[in-house]
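Participant: Output the structure for:
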Amino acid sequence: MEEQIKSEFKKSGFTFDNEEEILQKCLAFCINYNLSPCDLVSSWDVYSLNRQLELTVQNAHMDAFLQQLQNEQKEAIIKKEPGLHLYSNDVKMILSDKAEDIDEVVPGTPTEKYDMSYLGPLDSAHKTNGSILPSGKPADLVTPFGQRKNKFVVQSTISDLPNTDSIKEEQHDNNSEDDIIKRVQPRKRCSLQTHHSKPETSSRFMYDRIEDKFNFLENRIMKHAKAFVASGIYEEPVDPTVASQKSLFAIGMVIGIKGDNPSGHCLIASEIIDHVPLLDSNDENSQPSKKQALDKDLIQTDLSHAQSEISALIAGGPFTTTDNLMFEPLTELLAYARRKQPQLLILLGPFIDSEHPEIKKGTVNQTFDELFHHEILKRIQDHVEYMGSAARVILVPSIRDASHDFVFPQPPFSIHPPDLKDQITSITNPGTFSANEVKVACCTVDIIKQLSGEEISRNAAGGSKHRMSTLANHILCQRRHVVSVGGEGEAQKKCLCVNPGRLARGEGGGFFVELNYHGSPESATASVIRI
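Facilitator: Just a heads-up that it's a prediction; the model follows:
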């Protein structure tokens, strides 16, 4: 098992400072806490991100990591919610406190009863050619994913606001029938506006000229310069040594430099400007000329101050484990969505992962497009039909999608589900959309990981050591791909950056994010949950 643990660490990009001793301790952790190598590495991934550790696994951190594993075991027992996997098909089923077996892909009126326990993945959802999976394996195969532990455990949470769902359950405990009727009522349908951007579906690509790329980069630099000059907001002169304490990334970052050029051929820098200053609303109103001069492509303001609310589940692919193409994690996620009833379900690719072992070997008996439509799109259509008109699903492609164009930026999927085109939407990668006036930007390329390899930083005394927050701030300040939200001063910079991880990790389960936005970033809650 030590080799499996070592392999899982390497897949996630980790190295060891004392390999033999660390692997022995990790083996003991797996045995003592009944963890698979994949689960262990997932826990270490969460541990290292929370503590801003490097990619080298050090023996000195093993004791603290053991303490976290113990705490996770305790919390799993204390916070375990009975019947978590059960979702209601109708009010009668819940009132009778019984669950029924379902033999159809589309949930209907149950006929057969079984004990109230874990509602496993639907066999029919796995069948695409009789009773055989695309990989040729039987549909009733018992998989490591189906035997996993610590299901739907919250790994980390942003904001400590009270859980409104649990409060409502306590308030209505004496009248369970009324509470059940409220639970099965669908949420209010959210508004949705897709911000269309290139490339569009069926676009031509792979014929870019170097001159076009040069002109694009030059125009981007000029836009930043114009926006900065038009803002009229300049920082006071600072000590030149402070500039070296800023965090920068070397390749592709657009910056401005202030300094002196005494000799005419050498610029002595005294200040680095790494972002376009954001205008205060009062300054905008008092200086209309500056407001008109600002580049509309860079700064977009929302003049409405209405409170916006949105609930969403966010998950990133792959949506099936590496040992099969049964798409069990996706089935579990949709079951969880039926129970929680979010307004938005945001799914980020890859959906048909080109890195999957069976896809690489070519052992499937269907085309990639058929797999995508039968295993992914069909399940989503069934989910939307079951949830009703209030449910919306957003699909974002990935460069690892075997059924889509291998190009970045990526066009949206060409999907036109009958009667559901207003509920199932695909956007570009990267792409943006607005839901209930909440602006959301999505991208399936791990740009944070790429920037971490290019970043040059030096932590000043008393400065922030949150590396992930600094990297995310780079993306916002550079005004790439995201949309600026209107507000006063620093409020414009308050954005919530979420990395949901991957829904499937190896043969085990991964993570997804449950997000609730209540009018402002300060009142938003986001939970990273293990599938």
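Participant: for the stretch 251-400 of the chain, which spans come out with low pLDDT?
Facilitator: Low-confidence segments of the stretch 251-400 of the chain (pLDDT under 70): 251-252, 275-307.
Participant: can you give me the strands for it?
Facilitator: With DSSP state E, counting those that start in this stretch, the ranges of strands along the stretch 251-400 of the chain come out as 256-260, 268-273, 309-316, 344-348, 392-396.
Participant: The first one vs strand 268-273, what angle?
Facilitator: Angle of strand 256-260 versus strand 268-273, following axes from the mean of the first three to the mean of the last three Cα atoms, to 10 degrees, is 150 degrees.
Participant: and residue 525, which of the strands of the stretch 251-400 of the chain is closest to it?
Facilitator: strand 309-316 (9.8 Å; Cβ to Cβ). C-betas here are computed from N, CA, C, even on glycine.
Participant: Can you dump the C-alpha atoms of that closest one in PDB for me?
Facilitator: Once non-C-alpha atoms are left out, strand 309-316 reads as follows in PDB (Å, rounded to 0.1, in the frame of the first residue of the first chain):
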ATOM      1  CA  GLU A 309     -29.700  36.100  -3.400                       C
ATOM      2  CA  ILE A 310     -28.500  33.000  -5.100                       C
ATOM      3  CA  SER A 311     -27.900  29.400  -4.100                       C
ATOM      4  CA  ALA A 312     -25.600  27.100  -6.100                       C
ATOM      5  CA  LEU A 313     -23.800  23.800  -6.100                       C
ATOM      6  CA  ILE A 314     -20.400  24.000  -7.900                       C
ATOM      7  CA  ALA A 315     -18.600  20.900  -9.000                       C
ATOM      8  CA  GLY A 316     -15.600  20.200 -11.300                       C
END
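Participant: related to what we said a few turns ago, out of the strands of the stretch 251-400 of the chain, which is closest to residue 36?
Facilitator: strand 309-316 (20.4 Å).
Participant: Point out the other helices and strands that that closest one packs with.
Facilitator: helix 328-340, strand 344-348, strand 511-518 (3 or more Cβ pairs under 8 Å, 6 or more residues apart in numbering; DSSP states H and E).
Participant: Burial-wise, tell me which of the ones you listed comes out on top.
Facilitator: strand 344-348 (a mean of 24; mean count of other Cβ atoms under 10 Å).
Participant: what packs against that one?
Facilitator: strand 309-316, strand 392-396, strand 438-442.
Participant: The second one vs strand 344-348, what angle?
Facilitator: Okay, so that is strand 392-396. Strand 392-396 and strand 344-348 meet at an angle of 20 degrees, taking the same axes, to 10 degrees as the criterion.
Participant: what lines up beside strand 392-396 in the sheet?
Facilitator: strand 344-348 (parallel), strand 424-426 (parallel) (DSSP bridges).
Participant: now those strands in JSON lines, with distance to residue 266?
Facilitator: Converted to JSON lines, those look like this (distance: least, Cβ to Cβ, whole Å):
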{"stretch": "strand 344-348", "distance to residue 266": "47"}
{"stretch": "strand 424-426", "distance to residue 266": "52"}
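Participant: top helix in this protein by residue count?
Facilitator: helix 210-231 (DSSP state H).
Participant: ok, back up a step: how about JSON lines for the helices and strands packed on strand 344-348, with distance to residue 330 and mean neighbour count added?
Facilitator: Listed next are these as JSON lines, based on distance: least, Cβ to Cβ, whole Å; neighbours: other Cβ atoms under 10 Å:
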{"stretch": "strand 309-316", "distance to residue 330": "8", "mean neighbour count": "22"}
{"stretch": "strand 392-396", "distance to residue 330": "12", "mean neighbour count": "23"}
{"stretch": "strand 438-442", "distance to residue 330": "18", "mean neighbour count": "21"}
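Participant: Nearest to residue 351, out of the ones you listed?
Facilitator: strand 392-396 (7.7 Å).
Participant: Quick one: residues in contact with the closest one.
Facilitator: Contact with strand 392-396 is made by 189-190, 192, 343-349, 351, 380, 383-384, 412-413, 415, 423-427, 429, 431, 433, 435, 442-444, as judged by Cβ atoms under 8 Å, 6 or more residues apart in numbering.
Participant: And for stretch 10-25?
Facilitator: Counting by Cβ under 8 Å, 6+ apart, 2, 5-6, 9, 41, 44-45, 55-59, 62, 66, 506 sit against stretch 10-25.
Participant: now do 6 Å
Facilitator: Stretch 10-25 has contacts (Cβ atoms under 6 Å, 6 or more residues apart in numbering) with 2, 5, 6, 41, 55, 56, 57, 58, 59, 62.
Participant: how about it: buried residues?
Facilitator: Residues of stretch 10-25 classed as buried: 14, 16, 22, 23 (neighbour count, 16 or more other Cβ atoms under 10 Å).
Participant: can you tell me the distance between the two ends of it?
Facilitator: 17 Å (Cα to Cα, to the nearest Å).
Participant: try stretch 425-442
Facilitator: 13 Å.
Participant: Averaged pLDDT, that stretch. What do you get?
Facilitator: The average of the pLDDT scores along stretch 425-442 is 89.
Participant: Equivalent analysis for stretch 10-17, please.
Facilitator: Average pLDDT, stretch 10-17: 86.
Participant: swap in stretch 516-527?
Facilitator: pLDDT averaged over stretch 516-527 gives 83.
Participant: try stretch 62-69
Facilitator: Rounded mean pLDDT across stretch 62-69 is 85.
Participant: now what about that stretch, what contacts it?
Facilitator: 25, 33, 47.
Participant: can you check stretch 188-199 too?
Facilitator: 310, 343, 390, 392, 411, 427, 428, 432, 433, 434, 435, 436.
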